[in-house]
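S.K.: One predicted model, sequence on top.
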Amino acid sequence: MKRYIRFLVNLCRTIIFNYRLLSFKDAIKLPFWLNQKVIIHGNSGSIKFTVPIKRKMFVFTTIHSEILGEKPSHWNNHGKIVIQGYNIRIGSGTCISCFKNGEIQFGNNITFGGNNKVIAQQKIEVGANLRTAWEVQIIDTNFHYTINSITKEISAKQNPIIIGEDCWLANRASLMKGVNLPDKTIVASNSIVNKQYLVPQEEDSLVVGGCPAKVIGYNISRLRLTGDQEMDLTLKLKQLNLDKIQIEDVNTLKFDY
């Protein structure tokens, strides 16, 4: 009975949210789906779909609610939101805020964890297959200008953020203005990332970490297994009393996308 009531509550939230954000012809398809409470602070901006609109393209989920509690998420769009794919999931308590003249682009198959902040005054591009843990911040602005008291120079307060495909941001990682992450980059926990990175020609991917973040490893990327597959692998490592195991054919693994 509780499950049925929860479904009805979420359905009502979903219908209201879509009709507040979209035109009738788009809203009726219910591309946004709410499995949690979402507070709309503003929606004077635009929403553009570059792929055919389908139901549940962009889902506000309860990801990490067991860790952080069931906090409402927040939506504030006075700029431009561009949805370029499907299976975009937003965890509990996450804030999406796009300022006037700002733009946020969401690629295909993205999962934001709980209590994330995605805030754009200029532009944030999120590549396909991004995964983030809880309390991650992606903010393309300092919000306020600063001045050098000697040279009297005023620095730009905002700069675009570009996140490549297949990246993983660990808990409490912060991406600041001007960041450019190559494909398959891992950002370590509690890191402050504030610049562009390049993968050397002889390497495949990066791990960055620290405050400010620097390159701490190469050729390591997240293995996106299903939950059952992770449990099986953990059990196998425990039974064999090993810290590492070599897989002959990675293509046989079932990925979570």
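M.R.: Ah, there it is. Numbers count the residues shown, from 1 in each chain.
S.K.: contacting residues for residue 81?
M.R.: Listed by C-beta atoms under 8 Å, 6 or more residues apart in numbering, the contact set of residue 81 reads 45, 46, 47, 48, 96, 98, 103, 104, 106. Every C-beta, even on glycine, is put in place using the N, C-alpha and C of the backbone.
S.K.: Emit the ChimeraX select command for whichever of those residues are buried.
M.R.: In ChimeraX, this line selects whichever of the contacts of residue 81 come out buried by 16 or more other C-beta atoms under 10 Å:
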select :45,47,96,98,103,104,106
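S.K.: for the contacts of residue 81, which one is nearest residue 68?
M.R.: Minimum separation from residue 68 among those (C-beta to C-beta) is found for residue 96, which lies at 16.6 Å.
S.K.: what does the helix or strand that the closest one is a member of rub up against?
M.R.: Assessed by DSSP states H and E, residue 96 sits inside strand 95-98. Applying C-beta under 8 Å, 6+ apart, the external contacts of strand 95-98 come out as 41, 45, 73-81, 90, 104, 116-120.
S.K.: 7 Å instead, please
M.R.: Strand 95-98 has contacts (C-beta atoms under 7 Å, 6 or more residues apart in numbering) with 45, 73-81, 104, 117-120.
S.K.: Next SSE downstream of it?
M.R.: strand 103-106.
S.K.: quick one: average pLDDT of that following strand?
M.R.: Strand 103-106 carries an average pLDDT of 98.
S.K.: picking that back up, show the average pLDDT along the strand holding residue 96.
M.R.: Mean predicted lDDT for strand 95-98 stands at 98.
S.K.: repeat for stretch 31-41
M.R.: For stretch 31-41, the mean per-residue pLDDT is 96.
S.K.: Buried residues of that stretch, list them for me.
M.R.: For stretch 31-41, by 16+ other C-beta under 10 Å, it's 31, 32, 33, 34, 35, 36, 37, 38.
S.K.: Pull the most distant pair out of those residues.
M.R.: Greatest spacing in the buried residues of stretch 31-41, by C-beta to C-beta: 31 and 37 (18.6 Å).
S.K.: Tell me where the model's unsure across the stretch 1-150 of the chain.
M.R.: The model of the stretch 1-150 of the chain has pLDDT under 70 over residues 1.
S.K.: Equivalent analysis for the stretch 151-257 of the chain, please.
M.R.: Those would be 251-257, if you go by pLDDT under 70 across the stretch 151-257 of the chain.
S.K.: how does it look with 90?
M.R.: Within the stretch 151-257 of the chain, the ranges that satisfy pLDDT under 90 run 220-257.
S.K.: what does the strand or helix carrying residue 9 contact?
M.R.: Applying DSSP H and E as the criterion places residue 9 in helix 2-21. Helix 2-21 is contacted from outside by 27, 30, 32, 33, 34, 35, 37, 38, 40, 43, 47, using C-beta under 7 Å, 6+ apart.
S.K.: Figure out how far the helix or strand that comes right after that helix is from the centre of its chain.
M.R.: Per DSSP H and E, the first helix or strand lying C-terminal to helix 2-21 is helix 24-27. Offset of helix 24-27 from its chain centre (C-alpha atoms, centre = their mean, to the nearest Å): 25 Å.
S.K.: Residue nearest the middle of the protein, spatially speaking?
M.R.: residue 112 (3.8 Å; C-alpha atoms, centre = their mean).
S.K.: Next, the contact list for that residue, please.
M.R.: 89, 90, 91, 94, 132.
S.K.: I'd like the distance between residue 236 and residue 230.
M.R.: With the distance defined as C-beta to C-beta, to the nearest Å, residue 236 ends up 11 Å from residue 230.
S.K.: Which secondary structure state does the residue lying farthest from the centre of the chain sit in?
M.R.: Centroid-distance maximum for the chain: residue 150 at 39.1 Å, with C-alpha atoms, centre = their mean. Following DSSP: H, G, I helix; E, B strand; the rest coil, residue 150 is assigned to coil.
S.K.: Residue 97 versus residue 108, what's the distance?
M.R.: Residue 108 is 22 Å from residue 97, where distance means C-beta to C-beta.
S.K.: send the alpha carbons of the strand holding residue 96 over as PDB?
M.R.: The C-alpha trace of strand 95-98 is given here as PDB (Å, rounded to 0.1, in the frame of the first residue of the first chain):
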ATOM      1  CA  CYS A  95      21.200  21.400  -6.900                       C
ATOM      2  CA  ILE A  96      21.100  22.300 -10.600                       C
ATOM      3  CA  SER A  97      21.400  26.000 -11.100                       C
ATOM      4  CA  CYS A  98      22.000  27.800 -14.400                       C
END
